[in-house]
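Can you look at this prediction? I've put the sequence above it.
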Amino acid sequence: PASTTEPHPGELAVGGVPLAELADRFGTPVYVLDEAEVRDRCRTYLHAFPDAEVLYAAKAFLCRAMVHWIEEEGLGLDVCSAGELELAVTTGFPPERMVRHGNAKSPRDLETALRLGVGRIVIDSPSEIARLAAAVGHGGHQKVMVRVVPGVSAGAHEKIRTGTDDQKFGLSIADGHAQHAIARILDQPQLELTGLHCHLGSQITTVKPYLAAVRRVVGLMARLHGQHGLVLPELDLGGGHGIAYRPGEPALDLTELSRRVRAELHEACAAAGLPVPRLTIEPGRAIAGPAGIALYHVLAVKRTGARTFVAVDGGMSDNPRPALYGVRYAPRPIGRRTTTERTPVTVVGRHCEAGDTLATDVELPADVRPGDLLAVPVAGAYHLSMASTYNLVGRPPVAAVRDGHARLLVRRESLDDIRSRDVGL
Ligand code: LLP
């Protein structure tokens, strides 16, 4: 991450606190979050998109402190479960600044969203329309958007591509499902359709797919205008902004994204004779990801014929991303340096399967040994939020650093926490 400093060789610090000190104090594995970096990234978005609504996608990482930071920085929240919604509301986040997503919302989910007063609910399927209208009730009122599928392929991995027709999210523009659903929504007086939403996928590093999405969605807005005289005030382009996980990797250029999306939007709307809708964006990864670092201790070093395995005290339970999406990380050794010689290693976890890999073919000091500390940068998004208790390993804590001080935000999950759920015999 941009804010790490190296006061002495090998003594990496974040937020003014040496990583070795954090490992000592909180134990490993631990996620460290740089508060200033999170806040800076929020400000970068507000600066790059001055007239847009910026919603932080809570699924990337959420805890009460994060809710506070997002609130204070003036962003809204994209939530996709009753859990995210309740955590934010009970921490004092204004519900009207939230958008509720989800492709399979239960009647209870909808009731919770309505009871807590969430700003907009994004309709993702035909099944949801009548259910939501009934939950709102006659005489009630709820703002909604519709998630449409623009037919644009983007995203770093098949499992995180959501802009094409053959996947579970949204309603297709190409085969008419979106138009059909919208006509039904317009028949429900208690639902106010404020705009269209699309989310192309995640870890997208070029602007082009967003421009294609703008054209397709504005095309649909033009048809809706023709058919129903509808003028929608809002266009939500979702998130997906890609970041660099390793030095030298490309990241999406936010200034360029903003400039070109706005230009495309103005042009497409002018051609269609429509007023320009207000833009909403939903970055998650690009706000939280680079602000987080995961720390591990090396437990075992094993040299086989083909390679050297360095096994750490965490793994796929705290970071399933290499196993799921083949993501490559760049772990760094912290502290002790006795040699400048490097050796290629594979960093693996402690779990009982061969695919439990954190980093393949990375260079570490040739004398790497048990007890060494490793830092994995860019661990702030989709790490804790996707962590599991595989092999009954408790999930790691989260510590925040700021101005040379560290504090615990989320404690480590203990064996008692895990055991306490086991209530049968
Ligand atoms: N909006 C919607 C409707 C989404 O579904 C998502 C992510 C976002 C915004 C935020 O996308 P972001 O800016 O963070 O890329 N677990 C995967 C990522 C899944 C993303 C799911 N939806 C990973 O670890 O890469």
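Thanks, I have it.

Just give the nearest non-adjacent residue to residue 291, would you?
Setting aside the residues directly before and after it, residue 291 is nearest to residue 37 in space (C-beta to C-beta, 6 or more residues apart in numbering), at 3.8 Å. Placement of C-beta: from N, CA and C, glycine included.

List the contacts of the helix or strand where the one you found lies.
According to DSSP states H and E, residue 37 maps onto helix 35-48. Identification of contacts with helix 35-48 by C-beta atoms under 8 Å, 6 or more residues apart in numbering yields 1-3, 15, 54, 56, 65-66, 69-70, 72-75, 254-255, 257-258, 281, 283, 286-288, 290-291, 380, 400-403.

In helices only, show me the residues you listed.
Using DSSP state H, the members of these that fall in helices are 65-66, 69-70, 72-73, 254-255, 257-258, 286-288.

So which of those residues is the closest to residue 366?
Proximity of those to residue 366 (C-beta to C-beta) peaks at residue 288, which lies at 34.1 Å.

tell me the contacts of residue 264?
Here residue 264 is in contact with 211, 214, 215 (C-beta under 8 Å, 6+ apart).

which SS class is the second one?
I take that to be residue 214. helix (DSSP: H, G, I helix; E, B strand; the rest coil).

give me the number of residues near it?
Look at residue 214: counted by other C-beta atoms under 10 Å, it has 26 neighbours.

ok, it touching residue 261?
Yes. Counting by C-beta atoms under 8 Å, residue 261 is a contact partner of residue 214 at 6.1 Å.

what is in contact with these two at once?
By C-beta under 8 Å, 6+ apart, residue 214 and residue 261 have these common neighbours: residue 237.

In contact with the closest residue to the ligand within the stretch 301-425 of the chain, which residues?
As assessed by C-beta to the nearest ligand atom, the ligand sits closest to residue 382 within the stretch 301-425 of the chain, at 3.2 Å. Listed by C-beta under 8 Å, 6+ apart, the contact set of residue 382 reads 59, 60, 61, 284, 285, 289, 321.

Stretch 157-173 close to the ligand?
Yes. Using C-beta under 6 Å from any ligand atom, stretch 157-173 reaches the ligand at residue 160.

Let me see the residues that make contact with that stretch.
By C-beta under 8 Å, 6+ apart, stretch 157-173 touches 103, 124-126, 146-155, 174-175, 177-181, 197-203, 209, 213, 216-217, 219-220, 324-326.

try 6 Å
With C-beta atoms under 6 Å, 6 or more residues apart in numbering as the test, stretch 157-173 has contacts from 103, 147-155, 177-178, 181, 199-202, 216, 220, 325.

Name the nearest residue to the most centrally placed residue in the chain, sequence neighbours excluded.
The chain has residue 60 as the residue nearest its centroid, 2.9 Å off, counting by C-alpha atoms, centre = their mean. Closest residue to residue 60 apart from its sequence neighbours, by C-beta to C-beta, 6+ apart: residue 284 at 3.2 Å.

Kindly state the pLDDT recorded for the one you found?
We have a pLDDT of 98 for residue 284.

what's around it, how many residues?
Residues near residue 284, counting by other C-beta under 10 Å, number 24.

Need phi/psi at it.
phi -120, psi -70 (degrees, to the nearest 10).

how far away is it from residue 263?
Using C-beta to C-beta, to the nearest Å, residue 284 is found at 25 Å from residue 263.

would you say residue 343 is within a helix?
No. Counting by three-state DSSP, residue 343 is not part of a helix but strand.

does it have beta-bridge partners, and which?
Beta bridges link residue 343 to residue 364, judged by DSSP bridges.

One more: the one 4 residues further on?
Taking DSSP bridges, one finds residue 310, residue 359 as the beta-bridge partners of residue 347.

wouldn't it be in contact with residue 358 here?
Yes. Between residue 347 and residue 358 there is a contact under C-beta atoms under 6 Å: 4.5 Å.

So if I had to pick from those two, which one is more boxed in?
Neighbour count, other C-beta under 10 Å: between residue 347 and residue 358, residue 358 has more, with 28 against 25.

okay, how far is it across stretch 148-158, tip to tip?
Length of stretch 148-158, first residue to last, C-alpha to C-alpha, to the nearest Å: 19 Å.

surely residue 321 meets residue 328?
No. Counting by C-beta under 6 Å, residue 328 is not a contact partner of residue 321; they are 9.7 Å apart.

Among these two, which residue is more densely surrounded?
It is residue 321, of residue 321 and residue 328, that has more neighbours when counted by other C-beta under 10 Å, with 19 against 15.

what's the pLDDT at that one?
For residue 321, the predicted pLDDT is 98.

and it, what does it touch?
With C-beta under 6 Å, 6+ apart, residue 321 has these contacts: residue 327.

and if we set it to 7 Å?
327, 382 (C-beta atoms under 7 Å, 6 or more residues apart in numbering).

mind starting the numbering at 762 from now?
In the new count, where the first residue is 762, that last one comes out as residue 1082.

got any ranges where this structure has weak pLDDT?
Residue ranges of the chain with pLDDT under 70: 762-772.

For the lengthiest strand in it, list every residue counted as buried.
Assignment by DSSP state E gives strand 1053-1064 as the longest strand of the chain. Buried residues in strand 1053-1064, counted by 16 or more other C-beta atoms under 10 Å: 1053, 1054, 1055, 1056, 1057, 1058, 1059, 1060, 1062.

out of those, who's nearest residue 1114?
Checking those against residue 1114 with C-beta to C-beta, the nearest one is residue 1060 at 16.5 Å.

how about the residues of the protein near the ligand?
Within the chain, the positions near the ligand by C-beta under 6 Å from any ligand atom are 818, 820-821, 839, 862, 921, 960, 963-964, 999-1002, 1043-1047, 1082, 1086, 1143, 1147.
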